[in-house]
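In: Sequence first, then the predicted structure, then my questions.
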Amino acid sequence: MSRDIAVIVGSLRAGSFNRKFAKVLVEVAPASLRLSFVEIGALPLYNQDLDDGSKAVPPAWMAFRERMHAAQGVLFVTPEYNRSVPGVLKNAIDVGSRPYGQSVWQGKPAAVASVSIGAIAGFGANHHLRQSLVFLDMPTLQQPEAYIGGADKLFDDNGQLLNQGTRDFAARFMQAYAAWVERIVQSH
């Protein structure tokens, strides 16, 4: 049985290195994971006034929440903006965590990868996101950690990964995540 895993990329940029790496992660993932991208760019900014029951909840929020409820796990792939996650990713987290007490995230096994052109490879965003995931009660894969630096040199003009060592690491990361998902799903 394959597990339904939502892949959320924290970058909206057309040439996003994070999206390119997320595609690599999907390519090398074990068959026990059925990964699909969940787009977050069109989600209206979270505003609790629209979620109080007296107004119409934005349809994009409802569709996102339904999709995330169905997912058995979440793979986050994010760049770092100002030592944190991009606003679009934080907004998606907020939309999914509300209304209070109805979070779509609770108990879902997560993994985080961060990709950057810089040497510290999105370490700040990776760990800042993990901080939110703790609060959201998402058991998150601890090892191996996935920080991919020098991303501007890893892909060809068609978005294909050029480095076999990085592909091998991605496969080990996804094998570890698949085992993590099974462990968490089996325990619930």
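Out: Structure's in. What do you need?
In: How about stretch 58-71, which residues are buried there?
Out: Under the neighbour-count criterion of 16 or more other CB atoms under 10 Å, stretch 58-71 has Pro58, Trp61, Phe64, Arg65, Arg67, Met68, Ala71 buried. (C-beta placed from N, C-alpha, C; glycine too.)
In: Tell me where this structure has strands.
Out: For the chain, the strands defined by DSSP state E occupy 3-9, 33-37, 73-78, 110-115, 146-148.
In: and the longest helix along the chain, which residues are buried?
Out: Looking across the chain with DSSP state H, the single longest helix is helix 164-187. By 16+ other CB under 10 Å, the buried positions in helix 164-187 come out as 166, 169-171, 173-178, 180-182, 184.
In: Test my guess that Asn91 contacts Ala42.
Out: No: using CB atoms under 8 Å, Asn91 is not in contact with Ala42; the gap is 10.8 Å.
In: Neighbour count: those two, which is higher?
Out: Just comparing Asn91 and Ala42: by other CB atoms under 10 Å the higher neighbour count belongs to Asn91, 17 against 11.
In: Relative to Leu43, how far out is that one?
Out: For Asn91, the distance to Leu43 equals 6 Å [CB to CB, to the nearest Å].
In: likewise Ile184?
Out: Computed as CB to CB, the Ile184 to Leu43 distance reads 26 Å.
In: Check Phe64 too.
Out: Per CB to CB, Phe64 is found 6 Å from Leu43.
In: Which neighbours do the two have in common?
Out: Ala92, Val95 (CB atoms under 8 Å, 6 or more residues apart in numbering).
In: residue nearest the centroid of this protein?
Out: For the chain, the residue nearest the mean C-alpha position is Phe76 (1.4 Å; CA atoms, centre = their mean).
In: show me what contacts the closest residue in space to that residue that isn't next to it in sequence?
Out: Closest residue to Phe76 apart from its sequence neighbours, by CB to CB, 6 or more residues apart in numbering: Val112 at 4.8 Å. Going by CB under 8 Å, 6+ apart, Val112 touches Phe76, Val77, Thr78, Asn126, Leu129, Arg130, Leu133, Thr140, Leu141, Ala146.
In: same thing but 7 Å
Out: Phe76, Asn126, Leu129, Arg130, Thr140 (CB atoms under 7 Å, 6 or more residues apart in numbering).
In: likewise Phe37?
Out: Contact analysis of Phe37 by CB under 7 Å, 6+ apart lists Val7, Val9.
In: Tell me the bridge partners for it.
Out: Under DSSP bridges, the beta-bridge partners of Phe37 are Val7.
In: mind checking how far it is from Asn163?
Out: According to CB to CB, Phe37 and Asn163 sit 23 Å apart.
In: on that earlier part again, quick one: which of the buried residues of stretch 58-71 is nearest Val104?
Out: For the buried residues of stretch 58-71, the residue nearest Val104 by CB to CB is Met68; the value is 3.9 Å.
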